[in-house]
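>>> All I have is the shape, not the residue letters:
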């Protein structure tokens, strides 16, 4: 028995003329008087491979009853295919049936299904052409992220999922507790007695691994985290998830200018990797979902990002003559409509906006000398808006403490973060990239729920 090989490996043709073994799931089956044609897919590519089964095979009667979704093994000779759209096929000598599927009651029939319906059967949707393409690209982008940082000497740090600190200061966090919610313990003053909880104090699912990454950056120089993060934000939109993955590098001895150069290099590297290694999947998604997908990705890779200040962006928007839903004024955060105007209509390229008003940014961002702005940065993409947000971190103890007080935060909760500024502080910078936003852009999918295996959104935590 030959060793089982993935279909994408077989289609390279190196083993043409030899006996091979493929295993996977039946996408389609067509029978004639003398032969059956099976399209077999194992998830390694979009097209699958055609299996030719002659009627004289030992278990042909059972093969006739195979349905879409059945799991089989095909052993036979890999040969040139005379059919259109494929170079090779397998002429089967043996077909082993692992498990059949129930015909008409199988949820994935040989027809088009809406993405909304597929979300309801998330345990089967990876078998579809669309979601197979999306999740192969997601896998490839994850690999490219690690490769980018590892090739540059970064160290991968695993930030905690359970934390006592609100890195963003937003308060939109999921609480973790082992207390009996039906009969919670109370203090003498009637407050919830967290001393009886598992950790002895309130803890939450993390919104960011940034603060912990800074600890390691101030020891190992260049680090990155890549893990799940959580926001208890009641946003039931096509752009938001309650659970998502974040890439967060932290770089010591790095200022805002250095980091903006790196973010451009980083994004271009990822999209180039996608174009180079997942062309078949991109072509499928372009055909059915976004007619300009490949051209859009190539345009980003070939472009030069435009760098402007927040104040310059506001000036451009105010002089545009456009009637925006959200009024443009200095001190207000830029909305998606503003970001898309800058990238799609005015500059017609990705835009890096720097030096935002300090009052709309987080406490840890370095204050600029003007007293009004901080060394913050957003990278804006056409059709998407913000894809990366980052800043140079405030490395000065007194300035950081002043900011914590100004924002009425509890200084005691950030004692260790402040101490990093006392014990060998250095200029350092970092950014966050929402992985699902990147996958959504790279695949051309409209809804972020279609680029994560099991979306977590308000009132929905299935599978």
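Right, received. Where do you want to start? Small disclaimer: the values here were computed from a predicted structure and weren't measured.
>>> Name the SS class of residue 143, please.
helix (DSSP: H, G, I helix; E, B strand; the rest coil).
>>> what does the one 5 residues further on give?
Three-state call for residue 148 (three-state DSSP): helix.
>>> Kindly confirm whether my reading is correct that it touches residue 269.
Yes. Using C-beta atoms under 8 Å, residue 148 and residue 269 qualify as a contacting pair, with a distance of 5.2 Å. The way it works is simple: take the backbone N, C-alpha and C, and place the C-beta from them, glycine included.
>>> who has more neighbours, the two?
residue 148 (20 against 16; other C-beta atoms under 10 Å).
>>> for the helix or strand containing residue 404, what is the average pLDDT?
Per DSSP states H and E: residue 404 is located in helix 397-406. For helix 397-406, the mean pLDDT works out to 96.
>>> Check which helices and strands that helix sits against.
helix 415-419 (3 or more C-beta pairs under 8 Å, 6 or more residues apart in numbering; DSSP states H and E).
>>> Quick one: list the elements packing against the helix it packs on.
Taking 3+ C-beta pairs under 8 Å, 6+ apart as contact, the helices and strands that helix 415-419 lies on are helix 210-220, helix 397-406.
>>> Can you give me the distance of residue 133 to residue 81?
Distance from residue 133 to residue 81, counting by C-beta to C-beta, to the nearest Å: 22 Å.
>>> Of these two, which one has the most company?
Legend: neighbour count by other C-beta under 10 Å for residue 133 and residue 81, higher for residue 133 (23 against 16).
>>> OK, contacts around the more buried one?
Contact analysis of residue 133 by C-beta atoms under 8 Å, 6 or more residues apart in numbering lists 46, 278, 281, 282, 284, 285, 443.
>>> Surely it is in a strand?
No. Counting by three-state DSSP, residue 133 falls outside a strand, being helix.
>>> Need the nearest residue in space to it, chain neighbours excluded.
In space, and not counting its chain neighbours, residue 133 is closest to residue 281: 3.8 Å by C-beta to C-beta, 6 or more residues apart in numbering.
>>> So the one you found: helix, strand or coil?
Taking three-state DSSP as the rule, one finds residue 281 in the helix state.
>>> What separation do you get for it and residue 298?
Applying C-beta to C-beta to residue 281 and residue 298 gives a distance of 15 Å.
>>> Next: residue 118.
For residue 118, the distance to residue 298 equals 28 Å [C-beta to C-beta].
>>> quick one: which of those two has more around it?
residue 118 (20 against 13).
>>> next one: the helix or strand containing that one to chain centre, how far?
Using DSSP H and E, residue 118 falls within helix 115-120. The chain centroid and the centroid of helix 115-120 are separated by 19 Å under C-alpha atoms, centre = their mean, to the nearest Å.
>>> what's the answer for stretch 6-14, then?
Relative to its parent chain, stretch 6-14 has a centroid offset of 28 Å by C-alpha atoms, centre = their mean.
>>> in the helix holding residue 118, what's buried?
Across helix 115-120, burial judged by 16 or more other C-beta atoms under 10 Å covers 115, 118, 119.
>>> Could you find the closest non-adjacent residue to the first one?
On the basis of C-beta to C-beta, 6+ apart, the spatially nearest residue to residue 115 that is not a chain neighbour turns out to be residue 450, at 5.4 Å.
>>> what about that neighbour, distance to residue 176?
For residue 450 relative to residue 176 (C-beta to C-beta), the value is 28 Å.
>>> That concludes my questions; thank you for your assistance.
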